[in-house]
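Q: fold the stuff below for me.
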Amino acid sequence: MHLTSWQRLRTRAFLFAVGVKRHMTLGTRAVLIDGNRVFLIRQTYLPGWQFCGGGVEPGESCELAASREMVEETGYRPTGPMRLFGLYHNTSRLTNRDHVALFLCRDFELVTAFHPNHEIAEAGWFDIDALPADTGLATHRRIAEIFGGAPIATNW
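A: Sure thing, here's the model as predicted:
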């Protein structure tokens, strides 16, 4: 079924107004997995180690955004589809209107060596039993869900 021009215009206006009113944001995170190791990053503007990721841009799917962020922040590119693991509500002190789609990536290739930059200070592979001391609590919770069988939470 095709929309008329009026229906398209009306739908776009409605979705724009809802977006302005609700101010919802959507982000992604990607967990690069190599056996019992995960790839973590430490950003320059937030404390602690975490999974790579960022915001979903208009016109992007969540998986495409996760893939793009993965390449930008780690130098690794997925070589197959990533699996959606969970959708979380980010209830940080900064916002209560953010949602995070978490993808698992077990098939990837290195396309660019990582170099620290204005956004990412450090990056590297870590055994899930030997994470850096300042790894974020949400990262610890996700690792427990993915590797330890902990129930999947609804909040990030």
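Q: residue 77 contacts residue 108, correct?
A: Yes: counting by C-beta atoms under 8 Å, residue 77 touches residue 108, with 6.2 Å between them. C-beta here means a position set from N, CA and C on the backbone, and glycine is covered the same way.
Q: shared neighbours of the two, which are they?
A: Jointly contacting residue 77 and residue 108 under the rule C-beta atoms under 8 Å, 6 or more residues apart in numbering are residue 70.
Q: so if I had to pick from these two, which one is more boxed in?
A: residue 108 (22 against 16; other C-beta atoms under 10 Å).
Q: how near is the closest residue in space to the more buried one that isn't next to it in sequence to residue 153?
A: Nearest residue to residue 108, sequence neighbours excluded (C-beta to C-beta, 6 or more residues apart in numbering): residue 76, at 4.5 Å. Distance from residue 76 to residue 153, counting by C-beta to C-beta, to the nearest Å: 26 Å.
Q: so which of the two has more stuff around it?
A: residue 76 (22 against 14).
Q: where does pLDDT dip in the protein?
A: In the predicted model of the chain, residues 1-3, 7, 10-22, 93-95 satisfy pLDDT under 70.
Q: which stretches in it count as strands?
A: For the chain, the strands defined by DSSP state E cover 25-34, 37-43, 49-50, 52-55, 76-78, 83-90, 98-105, 108-110, 120-127.
Q: would you turn the ones you listed into CSV with distance to residue 149?
A: Below are the strands of the chain laid out as CSV (distance: least, C-beta to C-beta, whole Å):
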stretch, distance to residue 149
strand 25-34, 15
strand 37-43, 16
strand 49-50, 21
strand 52-55, 23
strand 76-78, 25
strand 83-90, 13
strand 98-105, 15
strand 108-110, 24
strand 120-127, 18
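Q: if I look at residue 81, how far off is residue 102?
A: Residue 81 is 15 Å from residue 102, where distance means C-beta to C-beta.
Q: residue nearest the centroid of the protein?
A: residue 29 (1.4 Å; C-alpha atoms, centre = their mean).
Q: tell me how many other residues crowd the nearest residue to that residue once chain neighbours are set aside.
A: Nearest non-adjacent residue to residue 29, counting by C-beta to C-beta, 6+ apart: residue 53, 3.5 Å away. Around residue 53 sit 22 other residues, with neighbours defined as other C-beta under 10 Å.
Q: residue 119 too?
A: By other C-beta under 10 Å, the residues close to residue 119 number 12.
Q: quick one: contacts for it?
A: For residue 119, the contact set (C-beta under 8 Å, 6+ apart) comprises 43-45, 73.
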